[in-house]
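S.K.: 3D model of this:
(one chain, ligands or ions: 2)
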Amino acid sequence: MEDEKHLENFQNYVDAEKKIEPKDWMPEAYRKTLIRQISQHAHSEVVGMLPEANWITRAPSLRRKVILLAKVQDEAGHGLYLYSAAETLGADRQMLVEQLLDGTAKYSSIFNYPTVTWADMGAIGWLVDGAAIMNQVMLTRTSYGPYARAMVRICKEESFHQRQGYEAITALAQGSPEQKEMAQDALNRWWWPSLMMFGPTDDNSPNSQQSMKWKIKRKSNDELRQEFVDRTVGQAEAIGLTIPDPDLKWNEETGHYEFGEINWDEFYNVIKGNGPCNRERLKARNEAHDNGEWVREAANAYAKKKKSKAA
Ligand SMILES: [Fe+2]
Ligand SMILES: [Fe+2]
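M.R.: Ligands and ions are numbered 1, 2, ... in the order given. Predicted coordinates:
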């Protein structure tokens with residue numbers, strides 16, 4: 001009886017567009033869903049640094065190098081805010097990190113694709129950060145306060161990421177025939193995985209409805225995906241690149257683009273750990289964690305020293 005009353009109050013509170021804060025009562029399933037979602041998001045930010053870090057030493061100019069370095073560093077910061085947001089729900093950060101390192105936690109499937117040319121840096125900023133923004137702008141209005149507030153700051157930075165990517169790929173698209181070809185090839189390889197970033201179709205996304213009811217999510221996977229396609233097609237056209245989808249066409253009546261079938265077998269295969277770079281990413285992440293051991297030790301020792309001095 002007590003629980004039902006609590007649940008009802010909780011739902012009313014959420015429906016009134018009030019934010020849930022860390023010390024408020026919340027259903028266990030709400031807490032669990034958020035910990036899972038926020039930690040997966042944090043892992044994605046952290047693993048997402050790897051495909052781009054791959055190009056920092058090979059950026060074609062100092063300007064591009066500085067921009068890319070700043071962008072990759074931003075992603076580390078996003079991971080940091082998000083792990084902190086997960087901690088406000090009582091999650092143990094050490095445990096979350098371990099779940100990433102031992103492969104039991106998920107992160108966005110997009111980061112299991114290789115970055116083979118410089119044009120991929122443009123395509124990632126333009127498409128991958130562009131898709132992330134669609135999702136994250138929605139999350140600035142999510143019902144859990146700390147998550148929503150982290151998203152406001154993250155979105156400002158993501159918008160810089162998207163623009164630097166579009167600018168980089170525009171430069172290639174307007175360059176020599178070889179550069180233009182490189183830009184088109186990057187779009188060809190990143191387009192479909194970017195559409196997969198929004199997750200399964202609404203009929204195959206069983207947890208979505210509950211998340212919408214709790215206002216963790218505000219828009220469905222298919223709605224967000226459609227928004228992304230509608231926004232991106234014109235951007236490709238503007239720089240003379242072709243979206244690699246023969247079924248893509250404008251629908252005058254709905255005011256939206258129709259697009260071809262997504263290869264869901266590929267999506268589930270990558271999620272299961274069999275994408276082109278899953279093993280490589282986990283190995284790199286584990287090595288980085290091991291190599292950072294001395295930094296954590298030093299930071300802990302310093303914190304201890306400061307504490308005892310203060311005492
Ligand atoms: Fe990010
Ligand atoms: Fe980003």
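
S.K.: Please, which helix or strand holds the residue of the chain at minimum distance from ligand 2?
M.R.: Closest to ligand 2 within the chain is H161: 3.7 Å, counting by Cβ to the ion. C-betas here are computed from N, CA, C, even on glycine. Assigned by DSSP states H and E, H161 falls within helix 145-173.

S.K.: does that helix come close to ligand 1?
M.R.: No - judged by Cβ under 5 Å from the ion, helix 145-173 stays clear of ligand 1, getting no closer than 5.6 Å.

S.K.: ok, and what's touching the helix or strand that V137 is a member of?
M.R.: Assessed by DSSP H and E, V137 sits inside helix 130-139. Helix 130-139 is contacted by residues 110, 147-148, 151, 154-155, 158-159, 162, 165-166, 194-195, 197-198, 217-219, 224, 227-228, 231-232 when judged by Cβ atoms under 8 Å, 6 or more residues apart in numbering.

S.K.: 6 Å instead, please
M.R.: For helix 130-139, contacts defined as Cβ atoms under 6 Å, 6 or more residues apart in numbering pick out M151, I154, C155, E158, Q162, S194, M197, R218, K219, L224, E227, F228.

S.K.: Relative to A123, how far out is the fifth one?
M.R.: Applying Cβ to Cβ, to the nearest Å, the value for Q162 to A123 is 11 Å.

S.K.: what does the stretch 51-200 of the chain have sitting close to ligand 2?
M.R.: D129, E158, H161.

S.K.: Please repeat the previous calculation with a cut-off of 8 Å.
M.R.: Contacts of the stretch 51-200 of the chain with ligand 2, taken as Cβ under 8 Å from the ion, map to 71, 74-75, 78, 125, 128-129, 132, 154, 157-158, 161-162.

S.K.: Nearest to ligand 1 among those residues?
M.R.: Once Cβ to the ion is applied, the member of those that ends up nearest ligand 1 is H78, at 3.8 Å.

S.K.: The closest one should be in a helix, yeah?
M.R.: Yes - assignment of H78 by DSSP: H, G, I helix; E, B strand; the rest coil places it within a helix.

S.K.: for it, what are its contacts?
M.R.: So H78 contacts E45, I154 (Cβ under 6 Å, 6+ apart).

S.K.: picking up where we left off before, between Q162 and A123, who's got more neighbours?
M.R.: A direct count of neighbours by other Cβ atoms under 10 Å for Q162 and A123 places A123 higher, at 28 against 21.

S.K.: Could you grab the helix/strand/coil label for the more buried one?
M.R.: Under three-state DSSP, A123 comes out as helix.

S.K.: Report the contact partners of it.
M.R.: Counted by Cβ under 6 Å, 6+ apart, A123 has contacts A186, L187, W190.

S.K.: Could you give the backbone dihedrals for the closest residue in space to A236 that isn't next to it in sequence?
M.R.: Nearest residue to A236, sequence neighbours excluded (Cβ to Cβ, 6 or more residues apart in numbering): I243, at 5.3 Å. Dihedral pair for I243: phi -70, psi 130, per degrees, to the nearest 10.
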